[in-house]
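A.B. asks: Take a look and give me a structure for this.
(3 chains)
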Amino acid sequence: MRGFLAKVSQLDRRVIFLLMAVAVIIPLLFPAKLSVKVTPESKKVFDLVESLQPGDLFLLDMDYGPDTMAELEPMTYAIMRHAHRRGARLICMCLAATGVSLIESEIRTVAEERGMEYGRDYGYLGYRPYPAAVILSMGQDIRQSFPIDYYGTRLDSLPIFRNVKNYRDFKFVLSVNATSGVDAWIMYGKERYNFPLAIGVTAVMAADYYNYLQSGQIVGILGGLKGAAEYETLLGEGERATIWMNIQSICHLLIVVLIIIGNIAFMAGKKDQS
Amino acid sequence: MLRSWLYLGPLLFALSLPRGAYGQTLTAADTPNDHGKSITLSWTNPGPGTHVDQFNLFRSISSIGPFESTAVLKGEAHEYVDACEDLTNGTPYYYKIIARIESGDFEYPVAGPVVPEGQWFHTGKTVVLVFAVAFSFLVLLMIQRAREGRELYVRPIAGIDAVDEAIGRATEMGRPILFIPGISEASEVATIAAFTILGRVAQRTAEYQTRLVVPNVYATVMIIAQEVVKSAYLNAGRPDAYDEKDIFYVTSEQFPFTAAVNGLMLREKPATNFYLGKFYAESLILAETGFQAGSMQIAGTDELTQIPFFVAACDYTLMGEELYAASAYLSKDPLQLGTLKGQDIAKLIIVLVLLLGIIATTFGSDIVTKLLSIRL
Amino acid sequence: MKKQLPVFLTFICAFLLTVQYFVPHRSFEQIYEVSNIWLQIIGVFSIFLGITSLVTMHVRKIRHRQRQWQYSFITLGGLFAMVAAGLIPALEQRGSYEWLYDHILNPISATMFSLLAFFIASAAFRAFRARSAIATILLLAAVFVMLGRVPLGDRMSHGLFPAIADWLLNVPNVAAKRAILIGVGLGEASMALRVMLGIERSYMAGE
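C.D. replies: Here you go, the predicted model:
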């Protein structure tokens, strides 16, 4: 037994990698749907979108690329579907260089699914470098950074952009973000131009923004896949994040089991030494 | 200012104009703390309990018109900020509002003139200004004291103390040292702090004749890093050993950069890895690969989320402000130590104010919160 | 002069940008706008320097047949292929640039990020050991947060783990982060002051 525990203590990392791969693949092959408990911070984001009236306009910033797509795409879909259900209009933008095409295809997917018309129901500004500078300039006039949209059309030739000058023309800003751009939205956007701001971030980033939530600098947080699953639960539509959450459940459980085994082996080793 | 006084007469006159049967008023005033392109309007209900379908707002540069429509608002609205870049500073504007009610349209008396003007100080940010001035004063005072020769104590920082050991290890093993100055821009304070430590490390590698490799995410960071290392090699009297191509640009994208650096670690097997500056999700991938490559690892970041990852996977970690303190600690320069001391005193003051706020709030008083709040 | 001019310029820029935070007047807003435009212009031009460095390094690697020099061909090939694909006008609805993006960059980036799951498992196994009382508290907190943030943990504990996880995130986590943030904020302000006053000159190679 001692020898076995000693071996466990020195377990090859490749064995751990293999176990993790199995923990991801098995639930993916046999999807289950466990209910997700909705947290107040996610509910606040949902309520913000729910407060939109037909014709209301909001800014949906999506700063992520293919790397964090798995975590953030489900919440983008849920938010866009929700906005369409409320009859609201949305202007989208992307401040992550590798995300520009991805975001465009995501927006197009939901637009085609819901019959949304480009230029009337939604618009896409595309990408500009230097998030902080773009966020600041948009507070003056969005045309400073985006004289044309993603497709090269002049903003004023599209109805959705025609009467939009700066943040004052949006009901709120919602940033689904996997970059440090969230800080720029809080510090340079919200703090300077004072608009309601909600965020959707990766799970690891979420813990960083609870203090901004408590201080009222942001309205709500959607944290990673869990946040998306909560949003789907509230919306009563979509199940992608909810199903993927179960994969996360198994992975978390595996890590906990590994920690426990590692500690048992560690204790046994310590006893032997003493 | 004078112009505002000139318009005060007509304003008072306008306010004394006959009002509606229920005393309905529309008031217009220049929005405070703005750049002069907005006017704030507020109005009362047309009558007690009267249901209003919508309000139509009009603006003119003359009290007799013509008025142009500026906004259509919901019946519940009682305030509106007319923010428009077309408003000219110094020009008087007049407003009228028409409420659409069940029995027809109700027109409010014209409000104005009101002159939009940009302010030269944002009163809502007074607290920030007071603190900024006090903090700067404190820091300058401590610098002065340090200049006078007073000894200022700085507690040892294990991660920095280990720098020499790490370089010695690389020399003994005959392997290079890898230094990553974060993955953020040169303007980041954390990156600036990383440059200071890079200078120190480069000086030592020049003395010990150890190769120093610095991959960069931003070209601007690369240029500064090249200058820092070059200068350190010059100071160490080894300008010939400096190789500019060891301080290179990889890519501006986070994960391609991580992949490239991981490859570098597995190929070159550096004896020591320094991760100092801003790091995000790549921190653990880098640190784990470094661990696999058998490198000694020293990390430092002000990115709170990444600190636990570095603590788990590295030998030494500089947490938050320790990274900034490193330059003062390394140089022992009284000017730098003075700023560090000023910072500590400011922290003490903040803790005292926090305690005061906690006590006041616990006893139901919001005086401290009100005093310290910022209005945007 | 070589030393004084950069310090003077730094001071002027830093001072103006600090003052503009407190002045809402249009003239200061314009200063801010212009500085932002300059930042973007300088940033874009620096990309050329970066590309030059990248190409030089890999050409040298190939020329000197350094270890695994063959991969440098892939790097340079990838760089020029993406640039060329971006310049060629799209012949179909989704051009070659999008094709490269969807079928190469997309899966590679997703794979790189997913490595985190494996590395977290391995690091947690290695590092989370109950070596002392404090390490044990850290370990327990990690276990509660990990189980409390997933539906399985909720079901296993009838809501207890999520409640503990929420408390940990909202109370001790926020308290500790605020404390570190205050320190970081003061450190940043102090460093900014040092740069502004020319005390900290590491960014100009300690000139």
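A.B. asks: What's the local residue count around residue C:97?
C.D. replies: 18 (other Cβ atoms under 10 Å in any protein chain shown). Just so you know, the C-beta spots here come from the backbone N, C-alpha and C atoms, and that holds for glycine as well.
A.B. asks: worst-scoring helix or strand of chain B, pLDDT-wise?
C.D. replies: helix B:2-15 (a mean of 39; mean pLDDT, DSSP states H and E).
A.B. asks: go on, chain C?
C.D. replies: Per-SSE averages on chain C (mean pLDDT, DSSP H and E): minimum helix C:96-100, a mean of 80.
A.B. asks: How about it and chain A, any contact?
C.D. replies: Yes: with Cβ under 8 Å from any Cβ of the partner chain as the criterion, chain A is reached by helix C:96-100 at C:97, C:98.
A.B. asks: Quick one: end-to-end length of stretch C:55-69, please.
C.D. replies: In stretch C:55-69, first residue to last residue: 13 Å (Cα to Cα, to the nearest Å).
A.B. asks: who's in contact with it?
C.D. replies: B:245, B:248, B:263, B:267, B:268, C:72, C:73, C:75, C:76, C:79 (Cβ atoms under 8 Å, 6 or more residues apart in numbering or on different chains).
A.B. asks: if I read this right, the third one contacts residue C:72, doesn't it?
C.D. replies: No: contact criterion Cβ atoms under 8 Å: residue B:263 and residue C:72 do not qualify, at 11.1 Å.
A.B. asks: Any regions of chain A where pLDDT drops low?
C.D. replies: In the predicted model of chain A, residues A:1-2, A:274 satisfy pLDDT under 70.
A.B. asks: Near chain B, which residues of it? Just list them.
C.D. replies: Applying Cβ under 8 Å from any Cβ, we find that chain A lies next to chain B at A:13, A:65, A:67-68, A:97-98, A:141, A:165, A:168, A:178-180, A:191-194, A:202, A:204-205, A:207-208.
A.B. asks: Kindly give a single PyMOL line that selects the buried subset of the residues you listed.
C.D. replies: Restricted to buried positions by 16 or more other Cβ atoms under 10 Å in any protein chain shown, the PyMOL selection for the residues of chain A next to chain B reads:
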select buried, chain A and resi 13+65+67+68+98+178+179+180+193+202+204+205+207+208
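A.B. asks: Give me the subset of the residues of chain A next to chain B lying in helices.
C.D. replies: Those of the residues of chain A next to chain B mapping onto helices are A:13, A:191, A:192, A:193, A:204, A:205, per DSSP state H.
A.B. asks: Tell me how far the last one lies from residue B:303.
C.D. replies: Using Cβ to Cβ, to the nearest Å, one gets 10 Å for the distance from residue A:205 to residue B:303.
A.B. asks: Now the residue of the stretch 151-274 of chain A found nearest chain B. Its backbone dihedrals?
C.D. replies: Relative to chain B, the nearest point of the stretch 151-274 of chain A is residue A:194 (4.2 Å; Cβ to the nearest Cβ). The phi/psi pair for residue A:194 (degrees, to the nearest 10) reads phi 50, psi 70.
A.B. asks: Tell me the first helix or strand C-terminal of the least confident helix or strand of chain B.
C.D. replies: Counting by DSSP states H and E, the next helix or strand C-terminal to helix B:2-15 is strand B:26-30.
A.B. asks: thinking again about what came up before, out of the residues of chain A next to chain B, who's near chain C?
C.D. replies: A:13, A:65, A:67, A:68, A:98, A:207, A:208.
A.B. asks: Let me see the contact set for the last one.
C.D. replies: For residue A:208, the contacting residues are A:201, B:304, B:305, C:177, by Cβ under 8 Å, 6+ apart.
A.B. asks: can you tell me which residues contact the last one?
C.D. replies: Meaning residue C:177. Counted by Cβ under 8 Å, 6+ apart, residue C:177 has contacts A:207, A:208, A:210, A:211, B:304.
A.B. asks: now with 10 Å?
C.D. replies: The neighbours of residue C:177, taking Cβ atoms under 10 Å, 6 or more residues apart in numbering or on different chains as the test, are A:207, A:208, A:209, A:210, A:211, B:304, B:305, B:320, C:184.
A.B. asks: Save the residues you listed as TSV, and put in distance to residue B:188 too.
C.D. replies: Putting the contacts of residue C:177 into TSV (distance: Cβ to Cβ, whole Å) gives the following:
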residue	distance to residue B:188
A:207	21
A:208	16
A:209	19
A:210	23
A:211	20
B:304	15
B:305	16
B:320	14
C:184	12
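A.B. asks: Could you single out the nearest of the residues you listed to residue C:105?
C.D. replies: residue B:305 (25.2 Å; Cβ to Cβ).
A.B. asks: Leaving out sequence neighbours, find the closest residue to the closest one.
C.D. replies: Spatial nearest neighbour of residue B:305, excluding adjacent residues (Cβ to Cβ, 6 or more residues apart in numbering or on different chains): residue A:208 at 5.1 Å.
A.B. asks: can you give me the helices in the chain?
C.D. replies: In the absence of a named chain, chain A is used. Ranges of helices in chain A, per DSSP H, are A:2-9, A:13-29, A:40-50, A:69-85, A:100-114, A:131-140, A:142-145, A:159-162, A:181-184, A:191-193, A:203-206, A:210-214, A:224-235, A:240-273.
A.B. asks: That was the other one, I meant chain B.
C.D. replies: Under DSSP H, chain B gives helices at B:2-15, B:126-147, B:158-173, B:189-208, B:219-235, B:254-268, B:282-292, B:307-313, B:322-331, B:334-362, B:367-372.
A.B. asks: would JSON lines of these with mean neighbour count and distance to residue C:103 be doable?
C.D. replies: Converted to JSON lines, those look like this (neighbours: other Cβ atoms under 10 Å in any protein chain shown; distance: least, Cβ to Cβ, whole Å):
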{"stretch": "helix B:2-15", "mean neighbour count": "12", "distance to residue C:103": "64"}
{"stretch": "helix B:126-147", "mean neighbour count": "16", "distance to residue C:103": "50"}
{"stretch": "helix B:158-173", "mean neighbour count": "17", "distance to residue C:103": "41"}
{"stretch": "helix B:189-208", "mean neighbour count": "24", "distance to residue C:103": "34"}
{"stretch": "helix B:219-235", "mean neighbour count": "22", "distance to residue C:103": "28"}
{"stretch": "helix B:254-268", "mean neighbour count": "19", "distance to residue C:103": "16"}
{"stretch": "helix B:282-292", "mean neighbour count": "24", "distance to residue C:103": "23"}
{"stretch": "helix B:307-313", "mean neighbour count": "22", "distance to residue C:103": "31"}
{"stretch": "helix B:322-331", "mean neighbour count": "24", "distance to residue C:103": "40"}
{"stretch": "helix B:334-362", "mean neighbour count": "17", "distance to residue C:103": "51"}
{"stretch": "helix B:367-372", "mean neighbour count": "12", "distance to residue C:103": "54"}
